[in-house]
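Visitor: Okay, structure incoming, though there's no sequence with it:
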């Protein structure tokens with residue numbers, strides 16, 4: 001048996017009915033949480049949230065100010081009310097309202113969602129676990145995809161560097177432990 005409720009027979013994998021119900025419950029829960037997170041994203045106003053941390057001023061259709069992520073004298077931090085994103089042309093920092101809170105307040109994604117949900121009056125249901133079943137409680141949260149920030153030459157170079165292979169750590173084990 002490979003795990004709780006999942007095993008193999010001579011005819012392939014099988015799953016117990018109770019596990020199928022758990023999977024369906026998890027999918028329903030996932031969709032409910034996803035809808036709640038989407039509601040928070042739609043209601044949240046990135047300009048209002050950024051103004052709590054950064055002094056930004058209207059400049060055309062966007063807002064500009066000094067970047068909270070690096071030291072600068074000339075504003076290169078831009079917030080788009082239309083797109084609901086921020087981007088710094090100086091350091092390449094960018095993202096949506098969730099990422100801004102995560103970066104400026106050292107929050108997890110879940111904490112950022114809860115904070116914005118509270119601020120904008122959105123009810124996010126708590127994830128249900130398997131309490132009382134003797135199993136570990138499972139909490140389900142969605143890591144919402146962030147819109148891609150515009151690519152500058154600097155951020156393209158950083159992305160290429162991040163994709164390059166890094167040094168590999170070698171761990172030596174006694175010959176008796178090496179599988180043959």
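Guide: Sure thing, it's come through. Given the structure is predicted, the values throughout are model-derived calculations rather than measurements.

Visitor: which sections of this protein are below the confidence cut-off?
Guide: 1-21, 127-180 (pLDDT under 70).

Visitor: Break down it into its helices, ranges please.
Guide: For the chain, helices defined by DSSP state H occupy the ranges 17-43, 46-51, 97-105, 109-119, 153-163.

Visitor: List of residues touching the shortest one?
Guide: Contacts to helix 46-51, defined as C-beta atoms under 8 Å, 6 or more residues apart in numbering, come from residues 56, 63, 65, 79-81, 84-86, 96-97, 100-101, 116. To be clear about C-beta, it is placed using only N, CA and C from the backbone, and glycine gets the same treatment.

Visitor: Can you flag the buried ones in these?
Guide: The neighbour-count test (16 or more other C-beta atoms under 10 Å) marks 56, 63, 65, 79, 84, 85, 86, 96, 97, 100, 101, 116 as buried among the contacts of helix 46-51.

Visitor: Spatially, which two of the residues you listed are the most separated?
Guide: 65 and 116 (20.4 Å; C-beta to C-beta).

Visitor: Give me the distance between residue 27 and residue 40.
Guide: Taking C-beta to C-beta, to the nearest Å as the measure, residue 27 falls 21 Å from residue 40.
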